[in-house]
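Student: Next input, structure requested:
(chains A and B)
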Protein chains: 2
Amino acid sequence: MPTKYPFPVRPAIADVASSQIREVATLGMEMGGIIPLWFGEPNVPTPAFINQAATQALNDGKTFYTLNRGIPELRQALADYMTGLHERPIDFERVTVTASAMNAIMIVAQSLIDVGDNAVLTAPLWPNIASCVQVMGGEPRQVALDEHEGRWSLDLDRLFAAVDHRTRFLFVNSPNNPTGWMMSTDDQRAVLDFARRRGIWIVADEVYDRIVYSRRCAPSFLDIAERDDLVLRLNSFSKSWCMTGWRLGWIAAPPAFGPILEKMSEFNIANAASMAQYAGIVALRDGEPFISETVARYEQARDLVFQRLAAMPRVTIARPDAAFYVFFGVEGMNNSLEFAKNLLGKSRVGLAPGSAFGPRGEGHLRLCFAATLETLSEAMERLAPALS
Amino acid sequence: MPTKYPFPVRPAIADVASSQIREVATLGMEMGGIIPLWFGEPNVPTPAFINQAATQALNDGKTFYTLNRGIPELRQALADYMTGLHERPIDFERVTVTASAMNAIMIVAQSLIDVGDNAVLTAPLWPNIASCVQVMGGEPRQVALDEHEGRWSLDLDRLFAAVDHRTRFLFVNSPNNPTGWMMSTDDQRAVLDFARRRGIWIVADEVYDRIVYSRRCAPSFLDIAERDDLVLRLNSFSKSWCMTGWRLGWIAAPPAFGPILEKMSEFNIANAASMAQYAGIVALRDGEPFISETVARYEQARDLVFQRLAAMPRVTIARPDAAFYVFFGVEGMNNSLEFAKNLLGKSRVGLAPGSAFGPRGEGHLRLCFAATLETLSEAMERLAPALS
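Tutor: The predicted model follows:
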């Protein structure tokens, strides 16, 4: 077991890269005075009505283990919520509460990926997805979106060509972090048809489904999938309800997959934190006005950032339709990690390097615009010299 | 990928057994009117002073992602807490906060176990430990404790003989669930010496370290290990502070292992729930009187249960020194799972079958006495006919 560490550790783990985003952030946190736009996190805390639900649950003594798949009231509330948003009804038996979408992704990787298997992932992509596949000894096969003047699109033929007999799932993150790409219903249908023919899973990471600027909800695999289709649709409370710190997410799955998720939740964490689950019920029940206000705020932020960056000569950018990132090209930049680190000293703005997001990410920087207009305006001032 | 499921799933996962404890509990919950003593969970909710700390954190807007290894204030509080309890100082760099001890065990398995590796575990043992090794494609090698009239002890030679060149860690759970066995400092020294000679890890699950009846804290590998020894010591807020629902634990590790734990926390869950972490600081600061009162209560419960069960003709039992279980033999019982299921109907008491805990578990039942004296007394009345 020879590794770079002074002790035995799995080679597969020793080799998994740490996050380049965190590499920049750690450097920036030491420097101080940085405007941090590196992480994918809303800039406001959880709204008070959700916090109060957690406090109430604690005062009511809801501090014990829950069922592995979550408290039934929350599972039912999630079924109703999804049914209200999508073209087809989603029932209780399809819902499993998880301790974050991250936890869900790891559980899915554990359930589907053996050593030597692979997963085909659309890219650019949040790097943790590929890492989960690697942790299980699998090969993450990233299929890059095409980019034309800052707009991204998926070549389905290339996606399908990457699938072979060891492919266990197709991973689609739409709305996409970092690009803001949103998959159309037609493309989702084509992917579903393909997956059905091949008998492989679709893992649909739709955590940004409510952060969309021209509609109530992004197109979802839940609009088109039958109850028993091999579709695992992941979602999270983090982005829509500003609950990153709570670690609460959920999976919609075929009912027959429920016992697998139950077992794997037991072995990974037992259950999501109990007070977080009670808070989740209230978030779903009373959260729609909050989501509308938040998205309206993000839309202003997006427009400011887009207009200012588009005017900088070295920048290639399109206005994203979803999520809260701009992922823009920088002319002449061929090492985005070094560039992002230099930007800390020169511009005192913290951005995520595009290379963190896999193929086609290099040459880009990701900026999270879930921030105040004042902060973003100041950030644009600071960035202008380096990007002009 | 042929399995018993109507879809592709990893064979290693399909084969991992679900919990037999949960099998009994699920049956009992459907029946109603059962006194449930099957799970390992305190019977009282989290004390108010801890809940209030979580509420305060929420009101203060502490609802964001935290660092992967936990908020620094909690890590420092844990370092101070351990330093106050053990023979050697434990510093900040050794501490990683986890989202439960279960989460810690899975992260450790991911970090150390490759396909074909093995881990040597003392048994009887909570079944989830072996399951984590299996999820990673490894072999859990259970080495059974010896039993003499209900008292358990470890044959170190047999433990060491189970280790081979593919053994990645020795797992010791002391105080032990389910037997109440507590490893002596001398035995810990022998295990540490052996592990040092062989260059393998010790994973010490010490979540019941404060549930002890003759001392402040159980003997710990932290009393004897050097800072850089290959010892991963797991602990949890669940048992000592009645916080099962919060999913909060921690690992004490050599400092050089910190970056591995940081990376694996990122890929598994990012961080323990933020409000839980803030509550943990207050639990450590103000929780000692609560722990003393709780243990005094459990001690009465233990004595009641021990005396009553010892008087039943079919029962073999010794009084446990630690944890909140009795793990007693039943004469003539050779299928504890069926026996526990029958007890539901006959006695309306829910117990955990010994076979759930691996080798030497069969022939026994586990009863959790973290309950009121009234409840336990009634349970004894109900059990007497079946065990006499």
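Student: just checking, residue A:18 touches residue B:261?
Tutor: No: using CB atoms under 8 Å, residue A:18 is not in contact with residue B:261; the gap is 11.8 Å. For glycine as for every other residue, the C-beta is placed from the backbone atoms N, C-alpha and C.
Student: Once you drop chain neighbours, what's closest to residue A:124?
Tutor: Ranked by CB to CB, 6 or more residues apart in numbering or on different chains and with sequence neighbours excluded, the top spatial neighbour of residue A:124 is residue A:357, at 3.7 Å.
Student: same check, this time on residue A:321
Tutor: Residue A:321 sits nearest to residue A:182 (CB to CB, 6+ apart), 5.2 Å away.
Student: phi, psi of the one you found?
Tutor: Reported as degrees, to the nearest 10, the phi and psi values for residue A:182 are phi -130, psi 120.
Student: Please apply the same query to residue A:168.
Tutor: With angles defined as degrees, to the nearest 10, residue A:168 sits at phi -100, psi -30.
Student: Spit out the contact partners of residue A:80.
Tutor: residue A:284 (CB atoms under 8 Å, 6 or more residues apart in numbering or on different chains).
Student: Could I get the pLDDT score of it?
Tutor: Residue A:80 is assigned a predicted lDDT (pLDDT) of 98.
Student: now swap in residue A:1 and tell me
Tutor: 47.
Student: on that earlier part again, Provide the count of other residues in contact range of the residue nearest to residue A:321.
Tutor: By the measure other CB atoms under 10 Å in any protein chain shown, the count of residues near residue A:182 is 22.
Student: thinking it is in contact with residue A:188, fair?
Tutor: No: Residue A:182 is beyond contact range of residue A:188, at 10.5 Å (criterion: CB under 8 Å).
Student: Look up the residues that both of the two are in contact with.
Tutor: Joint contacts of residue A:182 and residue A:188 (CB under 8 Å, 6+ apart) are residue A:219.
Student: Which residue, neighbours along the chain excluded, lies closest to residue A:194?
Tutor: Using CB to CB, 6+ apart and skipping the chain neighbours, the partner closest in space to residue A:194 is residue A:160 (5.5 Å).
Student: May I see the buried residues of the helix or strand harbouring that neighbour?
Tutor: Assigned by DSSP states H and E, residue A:160 falls within helix A:156-161. Neighbour-count burial for helix A:156-161, counted by 16 or more other CB atoms under 10 Å in any protein chain shown, picks out A:159, A:160.
Student: Can you name the residues in contact with that helix?
Tutor: So helix A:156-161 is in contact with A:120, A:122, A:143, A:170, A:187, A:190, A:191, A:194, going by CB under 8 Å, 6+ apart.
Student: Got phi/psi on residue A:35?
Tutor: The phi/psi pair for residue A:35 (degrees, to the nearest 10) is phi -80, psi 110.
Student: quick one, helices of the stretch 1-150 of chain A?
Tutor: A:11-15, A:20-31, A:48-59, A:72-85, A:101-112, A:128-135 (DSSP state H, counting those that start in this stretch).
Student: quick revisit: out of the contacts of helix A:156-161, which sit inside strands?
Tutor: Among the contacts of helix A:156-161, the residues falling in strands (DSSP state E) are A:120, A:122, A:143, A:170.
Student: by how many degrees do the helix or strand hosting residue A:291 and helix A:72-85 diverge?
Tutor: Using DSSP H and E, the element containing residue A:291 is helix A:288-310. Between helix A:288-310 and helix A:72-85, the angle comes out at 60 degrees (axes from the mean of the first three to the mean of the last three CA atoms, to 10 degrees).
Student: is chain B contacted by helix A:288-310?
Tutor: No: against chain B, helix A:288-310 shows no contacts by CB under 8 Å from any CB of the partner chain, the least distance being 13.4 Å.
Student: Which other helices and strands does that helix contact?
Tutor: strand A:325-330, helix A:373-387 (3 or more CB pairs under 8 Å, 6 or more residues apart in numbering or on different chains; DSSP states H and E).
Student: where does the stretch 1-150 of chain A have low pLDDT?
Tutor: Counting by pLDDT under 70, the stretch 1-150 of chain A contains low-confidence residues at A:1-3.
Student: and residue A:334, how many residues sit next to it?
Tutor: Neighbour tally, residue A:334, other CB under 10 Å: 10.
Student: Sorry, slip of the keys, the one I care about is residue A:91.
Tutor: A total of 15 residues lie near residue A:91 under the criterion other CB under 10 Å.
Student: Please apply the same query to the one 4 residues further on.
Tutor: The criterion is other CB under 10 Å. On that basis, residue A:95 has 26 neighbouring residues.
Student: correct me, but residue A:254 touches residue A:230?
Tutor: Yes: using CB under 8 Å, residue A:254 makes contact with residue A:230 at a distance of 6.8 Å.
Student: out of these two, which sits in the busier spot?
Tutor: The neighbour count for residue A:254 versus residue A:230, taken as other CB under 10 Å, is higher for residue A:230 (23 against 19).
Student: quick one: which of the contacts of helix A:156-161 is nearest to residue A:41?
Tutor: residue A:122 (22.4 Å; CB to CB).
Student: and the helices and strands packed on helix A:288-310, which is most packed in?
Tutor: With neighbours taken as mean count of other CB atoms under 10 Å in any protein chain shown, the helices and strands packed on helix A:288-310 reach their highest mean count in strand A:325-330, at a mean of 24.
Student: List the pairing partners of that strand within its sheet, with orientation.
Tutor: The strands beside strand A:325-330 in its sheet (DSSP bridges) come out as strand A:315-316 (antiparallel), strand A:364-368 (antiparallel).
Student: re the thing from before, thinking the residue nearest to residue A:124 is in contact with residue A:366, fair?
Tutor: Yes: using CB under 8 Å, residue A:357 is in contact with residue A:366, at 7.2 Å.
Student: Next one: the closest residue to residue A:134 other than its chain neighbours relative to residue A:127, how far apart?
Tutor: The shortest distance from residue A:134 to any non-neighbouring residue, by CB to CB, 6+ apart, is to residue A:16 (5.1 Å). Per CB to CB, to the nearest Å, residue A:16 is found 10 Å from residue A:127.
Student: Need phi/psi at residue A:202.
Tutor: Residue torsions, per degrees, to the nearest 10, at residue A:202 are phi -110, psi 130.
Student: pretty sure it contacts residue A:190?
Tutor: No: look at residue A:202 against residue A:190 with CB under 8 Å: they stay out of range, at 11.4 Å.
Student: Counting neighbours, go ahead and name the busier of these two.
Tutor: Legend: neighbour count by other CB under 10 Å for residue A:202 and residue A:190, higher for residue A:202 (21 against 17).
Student: can you give me phi and psi for residue A:349?
Tutor: Dihedral angles (degrees, to the nearest 10) for residue A:349: phi -130, psi 140.
Student: Quick check: it touching residue A:31?
Tutor: No: if you go by CB under 8 Å, residue A:349 and residue A:31 don't touch, sitting 11.4 Å apart.
Student: For the residue in the stretch 251-388 of chain A positioned nearest to chain B, grab phi and psi.
Tutor: Nearest to chain B, among the residues of the stretch 251-388 of chain A, is residue A:274, at 3.3 Å (CB to the nearest CB). When read as degrees, to the nearest 10, the backbone of residue A:274 gives phi -60, psi -50.
Student: Just the pLDDT at the residue lying closest to it once chain neighbours are set aside, thanks.
Tutor: Leaving aside its sequence neighbours, residue A:274 sits nearest to residue B:245 (CB to CB, 6+ apart; 3.3 Å). Looking at residue B:245, its pLDDT is 97.
Student: residue contacts, residue B:245?
Tutor: Per CB under 8 Å, 6+ apart, neighbours of residue B:245: A:62, A:63, A:64, A:65, A:66, A:271, A:273, A:274, A:275, B:46.
Student: Of those residues, just the buried ones, PyMOL syntax please.
Tutor: In PyMOL, this line selects whichever of the contacts of residue B:245 come out buried by 16+ other CB under 10 Å:
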select buried, (chain A and resi 62+63+64+66+271+273+274+275) or (chain B and resi 46)
